[in-house]
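Peer 1: Output the structure for:
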Amino acid sequence: MIFRIRHTDSMGGILRDPWTSQERRRQTRRLLDLPFDYQYEENPEIHGGIAVNGSQGGLMIHALEDMPVGITMNITIFFAIEFELLHFAAVGKIIRKSRRNDKRQNGYEYGVKLIQINQVDYMIMRRLLS
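Peer 2: Got it, this is the predicted structure:
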């Protein structure tokens, strides 16, 4: 059995096939480290987390709350430009989940696919990720 190793490119987190050096993602991921709020129907309280990286199609997020794969959530990501705090909002669906158990961080890591975003927020997100 042959196992494929996932490699991360140091210039933007692009996964490449180690045998062909071809990019395996549809969209380039960028490191973010931005705070976000989220809520979902099963638990309408507003919770927080960190958006670790993202692309135009989705986000990798860290959160303390245990949520099931498949739920849809409202997400608001915050960022600063000079002295102004800005945000964009989207609707996403959890498509992947893993538990984080290391000395510095606990909680969960989620892969979230963006399924709805308005045009203005989409343009803001594209600019942030470029």
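
Peer 1: Might you report the residue contacts of the closest residue to residue 63 other than its chain neighbours?
Peer 2: Setting aside the residues directly before and after it, residue 63 is nearest to residue 49 in space (Cβ to Cβ, 6 or more residues apart in numbering), at 3.6 Å. Every residue, glycine included, has its C-beta placed from N, CA and C. Applying Cβ atoms under 8 Å, 6 or more residues apart in numbering to residue 49 gives the contacts 35-36, 38, 61-64, 107.

Peer 1: Closest one of these to residue 74?
Peer 2: residue 38 (6.5 Å; Cβ to Cβ).

Peer 1: I'd assumed residue 62 was in contact with that closest one.
Peer 2: No: in this structure, residue 38 is not within contact of residue 62 by Cβ atoms under 8 Å, at 11.5 Å.

Peer 1: Report the secondary structure state of residue 124.
Peer 2: helix (DSSP: H, G, I helix; E, B strand; the rest coil).

Peer 1: ok, residue 28 to residue 119 distance?
Peer 2: To residue 119, residue 28 is 21 Å away according to Cβ to Cβ, to the nearest Å.
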